[in-house]
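J.: I'd like to go over a predicted model; first the sequence, then the structure.
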Number of protein chains: 2
Amino acid sequence: MKRITIKDLSKHLNLSTSTISRALLDEKNINAETKQRVLDAAKALGYKPNATALNLKTGKTKSIGFVVPEMVTPFSAKVLKGVQKVLYPLGYKVIILQSDEKPSNERDNLMLLERFNVDGIIINLCHETQNEELYKEIIERGTPMVFFDRIPSKTLDVSKVVVNDTIKAALMVEHLISVGCKKIAHLMGPSSVRNSSDRANGYKRILTKHNILESQLIIKCEGVSLEDGKKAVEKLLAKGVEFDGIFAFTDTLAIGAMNHLLQLNKRIPEDVAIASFSGTELSNYVFPPLSSVEQPLVKMGKAAGKLILEKIKDATVADRTVVLDAKLIYRASTKGIVS
Amino acid sequence: MKRITIKDLSKHLNLSTSTISRALLDEKNINAETKQRVLDAAKALGYKPNATALNLKTGKTKSIGFVVPEMVTPFSAKVLKGVQKVLYPLGYKVIILQSDEKPSNERDNLMLLERFNVDGIIINLCHETQNEELYKEIIERGTPMVFFDRIPSKTLDVSKVVVNDTIKAALMVEHLISVGCKKIAHLMGPSSVRNSSDRANGYKRILTKHNILESQLIIKCEGVSLEDGKKAVEKLLAKGVEFDGIFAFTDTLAIGAMNHLLQLNKRIPEDVAIASFSGTELSNYVFPPLSSVEQPLVKMGKAAGKLILEKIKDATVADRTVVLDAKLIYRASTKGIVS
DNA sequence: ATGAAAGCGCTAACAT
DNA sequence: ATGTTAGCGCTTTCAT
C-alpha cells in the first residue's frame, strides 16, 4: 500500500528522477515519446504527486484559511462557495475555522492558521472583536489577510470586501414607507460591528427625510440571534412604542422579532411589516417569507478569493476595498399593506 | 520578513541543528540549560515550526478531510464542531468540502482530498450517491474513511456513526398519536438514503400497531429541500388524502410543508400537527417551532473524530459502528391538539 | 550531551 | 534531451 513516488517511476523506467519530473510537468526539454512512457507508467502504477514535498520547496502550502464568526446561518457557507470557486481551480485548499462569535476563539483560530503556514487568510470578524493588533502582526509577519462583511475599524487599513450597506438600507426603509408603514422601528446591530451604524444611518436618513424619526424606535441589540430579535420586540412593547414596521440589521434578528410577534397574535405584514438585511436562504425558510436586502454572498467570496490571490502573488500590492451591490428582494412580509 | 528556521537558531546560538531540534521536543538527551537557551532564543527570534517539513518526514499531513453534502442547514456545522473538538487539540487541521448534493462533486472532493494527502476522511454522503466503488478504492489505497449520518449501503463494510433512527421515528409518531392525530402522513426521504427507509419503518411500525396505516399517506420526496416538502403536501392535497399530522424525514421537509400549509390558512398544530427528524436550530427558527427528534450532532462529530483517529493510528483496526441515542423534543407544532 | 549526516519527495540549476 | 546534484526544514540514526 506504499505510495508511488517519482523515484519508483525512475527505477521502473530506468530514467532519472528529473526526467520523470519534467515529463510530469514540463512542456519542452522532454522527448514526446519519453513523456508518454512516463505518463503511462505513472497511471499504471497509480502515481500521485506528493503535495507536501512541493510545499517544502516553494515555501507555500497552497492553502488558505477561512475564518468565520459562525456557521449556523448559511451566510458563511455561501461566501465560502465563492471563495472555493476561485481558489480550487488553482489547487488551493481552504481550511475553514469558526470562532463562535468569541474573540478569543478568533485569536486561537488565527494563530492556528499561522502555525499551519497558510498562504493567506480570509476572515469575517466576530462582533466585539478586539484583535486588531493581532491582524496587524500577522500581516506584518507575512501572511496576507482579506476581510469581508465585518471588517476592522477605519484605523487599520486592509484589503476588504463589503456591500453598499447604507444606501441599500435606506432603499429598503423607503420600501417599507411605500407599502404604508408610518412608524418603523429599527433593530440595530451591536455597535461593535461597523455595518450596524452604516445600516442604521441609511434607516435614519430616510426617516429624517420623511420627518418620522423618533429615537425610541431604535433598539440596539446585543447580538444577532433570534433571541436578541425577540428581546428587541419585548423592549419596544415594554416602552409602549407603537410600530407598524420593522427594519432589522440581520435576517436572524428579523426572524426572532417576527416569531415573537406571531406568538402575540400579530399579523405579518398587516399589523407589522418586516424587512431585513441578509442574503441567505433563511428569509425564505420562514412564514411569511421575509423581504430583505440580499447581499451577493457568492460574489463576495469570489472577490475575497481574488484579493487574497493578488496578495499572495505580490505582497506589496496596495490594499483594496471592493464594494459590491446588494439587491432588494420584496417578499410577503412587506406585501401591500397600504390601507 | 523571512521566517526563522532551526538553522537560524543554530547559527545564532552556535549549536547544531540537531541540538536545537532536541531542545524543541526532546525531554532527555539535552542539557537543561541549553534547552532553556534555545527556547529563549526561539521566542526572541519568533521561531515557528514549519509543519510542512515535518509532514514530509512522517508522511502524514496532520490534516483530515470533512466532506458534507451541504452547508445550508446547520447540520454539518454542528457535526463539524464535534470533529474539531476532538482533532484540534491533537494538532489536526480539518479541510472542509461540500458536495452540493451532487455525486460528481463528491467524487471530485474525495479525489482532491486524496491528492492533498489527508490522513483520513470523514464524510456524510450525498443522496443518490453512486461512489461506493471509489470509497473502497480510497480505503484500499490507504486513506481511512469514516462515515456519518448518510452511510453507504450494507454491502460496503466501514466505520460509521449513526443514530437509532427507527426507534426514535417510531416514538415521535407515537407522540403524534398521543396528541390526537388520527391520520398521519409521512414525508419520506429519497430512497437513495439509507435513513429514509429506517425512519419510514419506524413510522410504519406504529401506524400498523394502531391499525391506521394507509399507503397513500406516505409521500416519497425526491430531495430534502423546502420545495420538496411543499410538493409533498401538494401531492397529498391533489390526491385528496386527509391528514391531521405529518411526520417528516427532515426538518427542511417539515418546514417546507408547514409553510405551504400556513399559506393555505391551515393552523399548526390545530389542523395539522407536524414533527420531524433533525437536530439543528432550524426547528426553532420557524413559527410555530417544530417538534423533532434531535440528533446529538456534536457528539456525532466527536465519535467520527475518534473513529478516524483510531484508523490513523492503526489502519488494521476492525471497522466499528457507533450508534448514538437521539432525543425527542416536543415543541408547539404538536402541542396538545387532543379534542 | 552534542554534532554530523542522511533522508522524506520533489524541482531546478547546472552539467553533459 | 537527459542525468547529476543540491536543497527546501526538520527529525533521527549514528558517531563522538
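T.: Looks like it arrived, so ask away.
J.: give me the residue from the stretch 101-250 of chain A nearest DNA strand D.
T.: residue A:117 (9.6 Å; CB to the nearest atom of the strand). Yep, even glycine has a C-beta here, placed from its N, CA and C like the rest.
J.: and stretch A:72-81 with chain B, contact?
T.: Yes. Interface with chain B: stretch A:72-81 contributes A:72, A:73, A:74, A:77, A:80, A:81 (CB under 8 Å from any CB of the partner chain).
J.: of those residues, closest to DNA strand C?
T.: residue A:80 (28.5 Å).
J.: any idea which helix or strand carries the closest one?
T.: Here residue A:80 sits within helix A:75-87, counting by DSSP states H and E.
J.: then whatever helix or strand comes next after that helix to CSV, C-alphas only?
T.: Of the helices and strands lying after helix A:75-87 in sequence (DSSP H and E), the nearest is strand A:93-98. What follows is the C-alpha trace of strand A:93-98 in CSV, where atoms were taken according to Å, rounded to 0.1, in the frame of the first residue of the first chain:
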residue,chain,number,x,y,z
LYS,A,93,-7.1,24.1,-0.2
VAL,A,94,-9.4,26.0,2.1
ILE,A,95,-9.2,25.4,5.8
ILE,A,96,-12.3,26.6,7.5
LEU,A,97,-12.5,27.7,11.1
GLN,A,98,-15.3,29.1,13.1
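J.: what's the first helix or strand after strand A:93-98?
T.: Next element after strand A:93-98 (DSSP H and E): helix A:103-116.
J.: is that following helix in proximity to chain B?
T.: Yes. Using CB under 8 Å from any CB, we find that helix A:103-116 touches chain B at A:112, A:114, A:115, A:116.
J.: and the stretch 51-200 of chain A, which residues reach DNA strand C?
T.: Taking CB under 7 Å from any atom of the strand as the contact definition, the stretch 51-200 of chain A meets DNA strand C at A:53, A:54, A:56, A:57.
J.: tally up the residues packed near the last one, please.
T.: For residue A:57, the count of nearby residues is 10 (other CB atoms under 10 Å in any protein chain shown).
J.: and the residue of the stretch 101-250 of chain A found nearest chain B, how many neighbours?
T.: Here the stretch 101-250 of chain A gets closest to chain B at one residue, residue A:142, 4.5 Å apart by CB to the nearest CB. Neighbour count of residue A:142, defined by other CB under 10 Å: 12.
J.: can you pull the pLDDT of it?
T.: The model reports residue A:142 with a pLDDT of 86.
J.: if I look at it, how far off is residue B:20?
T.: Note on residue A:142: its distance to residue B:20, by CB to CB, to the nearest Å, is 22 Å.
J.: returning to what we had before: quick one: contacts for the residue nearest to the residue of the stretch 101-250 of chain A closest to DNA strand D when sequence neighbours are not counted?
T.: Residue nearest to residue A:117 in three dimensions, not counting chain neighbours: residue A:61, with 4.7 Å by CB to CB, 6 or more residues apart in numbering or on different chains. Residue A:61 sits next to A:55, A:93, A:116, A:117, A:118, A:119, B:51, B:52 when contact means CB atoms under 8 Å, 6 or more residues apart in numbering or on different chains.
J.: returning to what we had before: turn the residues of the stretch 51-200 of chain A next to DNA strand C into TSV, including pLDDT, distance to residue B:25 and secondary structure.
T.: As requested, those are arranged in TSV below (pLDDT from 0 to 100; distance: CB to CB, whole Å; DSSP: H, G, I helix; E, B strand; the rest coil):
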residue	pLDDT	distance to residue B:25	secondary structure
A:53	89	22	helix
A:54	85	25	helix
A:56	86	19	helix
A:57	87	24	helix
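J.: which of those residues tops the neighbour count?
T.: Ranking those using other CB under 10 Å puts residue A:56 first, with 18 neighbours.
J.: give me the number of residues near residue A:257?
T.: Residues lying near residue A:257 (other CB under 10 Å) number 29.
J.: nearest spatial neighbour of it, skipping sequence neighbours?
T.: Spatial nearest neighbour of residue A:257, excluding adjacent residues (CB to CB, 6+ apart): residue A:229 at 4.1 Å.
J.: quick one: contacts for the one you found?
T.: Residue A:229 sits next to A:187, A:221, A:248, A:252, A:253, A:254, A:255, A:256, A:257, A:258, A:259, A:260 when contact means CB under 8 Å, 6+ apart.
J.: of the residues you listed, just say which sits nearest to residue A:176.
T.: residue A:248 (11.1 Å; CB to CB).
J.: partners of the closest one in the sheet?
T.: When bridges are called by DSSP bridges, residue A:248 pairs up with residue A:187, residue A:276.
J.: what about it, distance to residue A:328?
T.: Computed as CB to CB, the residue A:248 to residue A:328 distance reads 14 Å.
J.: also residue A:26?
T.: From residue A:26 across to residue A:328, the span is 53 Å (CB to CB).
J.: and what of residue A:165?
T.: Per CB to CB, residue A:165 is found 13 Å from residue A:328.
J.: likewise residue A:14?
T.: 68 Å.
J.: which one's more surrounded, those two?
T.: Shown here are residue A:14 and residue A:328; by other CB under 10 Å, residue A:328 has more neighbours (14 against 7).
J.: isn't that one up against residue A:295?
T.: No. Under the criterion of CB atoms under 8 Å, residue A:328 is not in contact with residue A:295, lying 11.0 Å apart.
J.: and residue A:30, that's in a strand?
T.: No. Assigned with DSSP: H, G, I helix; E, B strand; the rest coil, residue A:30 falls outside any strand and is coil.
J.: surely it touches residue A:21?
T.: No. Look at residue A:30 against residue A:21 with CB under 8 Å: they stay out of range, at 9.7 Å.
J.: identify the residue spatially nearest to residue A:173, adjacent ones excluded.
T.: Residue A:173 sits nearest to residue A:206 (CB to CB, 6+ apart), 4.3 Å away.
J.: if you could redo that for residue A:204, that was the one I meant.
T.: Of all residues not flanking residue A:204 in the chain, residue A:213 sits nearest, at 6.0 Å (CB to CB, 6+ apart).
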